[in-house]
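Engineer: I would like to see how this sequence folds:
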Amino acid sequence: MKKTFMYNFIPSKEEEEACKDSNIPWQVTRSVVEIRDIYPTPVIDPQNPWQIKKVVTYFEEFAGRLVLPFADTFEHVFRYWTLDTVKFVTSGHKKDVDLWDVTEENNPKNCEGAYVQMMPSENYALVCVDLFTDHGLSVDDEIGLYWDPNSSNFKFKLVKKGHV
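Structural biologist: Numbering: from 1, shown residues only. Okay, here's the model as predicted:
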C-alpha cells in the first residue's frame, strides 16, 4: 500500500471553539495514511534494481549521511513499510535498518549501525558512517540504492567513483 500525507485544513467545531477560547490560531495538521495505489507496485529489475540513483554531495560526505529525496523515499521505500513504521520515522524518530553493500557482488558487506531519519527539509537521511569510511565515499561518487522488499533491507552499490 502506498503511503502519503493527509492534511487537515478545516478544523472540527470543537477544535475551532478550543482555538477561539485560547486565542490561538488554527494550525493545519497532517498525518500519514495508507492509500490504495491505482498503479501496481513498481517491479524491481534484477539486472538494474537501483531505484534511487544519486551523486554524493559535499553535505553528504561531510555529514556522513545519504540524503534520500522525499518523493523517492515515499515511492520506493515507505510503500513496503508498515504504516506504524512510517509514522514513527515521519514523526522524527530514527529507524534502524539493515544495509548491505553489494558493490562487490561476490562479497556483500553488512553495514552496521545504519538508520533512516527525517531531516528538517522533509527529505530523509540514510545514515551509515561505514559507507564513507570503508569506501572513502566522497563528493561526485555515483551510487545506487534500493529497498529490497524480499529481505527487508537496503542494498547499496558504488556505481562509479567520482574524480579524485
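Engineer: and stretch 86-94, average pLDDT?
Structural biologist: Stretch 86-94 carries an average pLDDT of 95.
Engineer: got it, and stretch 102-115?
Structural biologist: On average, stretch 102-115 scores 88.
Engineer: For that stretch, measure first residue to last.
Structural biologist: 18 Å (CA to CA, to the nearest Å).
Engineer: which secondary element of this protein has the worst mean pLDDT?
Structural biologist: helix 129-135 (a mean of 81; mean pLDDT, DSSP states H and E).
Engineer: how about the helix or strand that comes right after that helix: buried residues?
Structural biologist: Downstream of helix 129-135, the first helix or strand assigned by DSSP states H and E is strand 142-148. By 16 or more other CB atoms under 10 Å, the buried positions in strand 142-148 come out as 143-147. Heads up, the C-betas are built off the backbone N, CA and C, glycines and all.
Engineer: helix, strand or coil for the residue nearest to the spatial centre of the chain?
Structural biologist: Nearest to the mean C-alpha position of the chain, counting by CA atoms, centre = their mean, stands Thr73 at 4.0 Å. Recorded secondary structure, Thr73: helix (DSSP: H, G, I helix; E, B strand; the rest coil).
Engineer: Having no further points to raise, I will conclude here.
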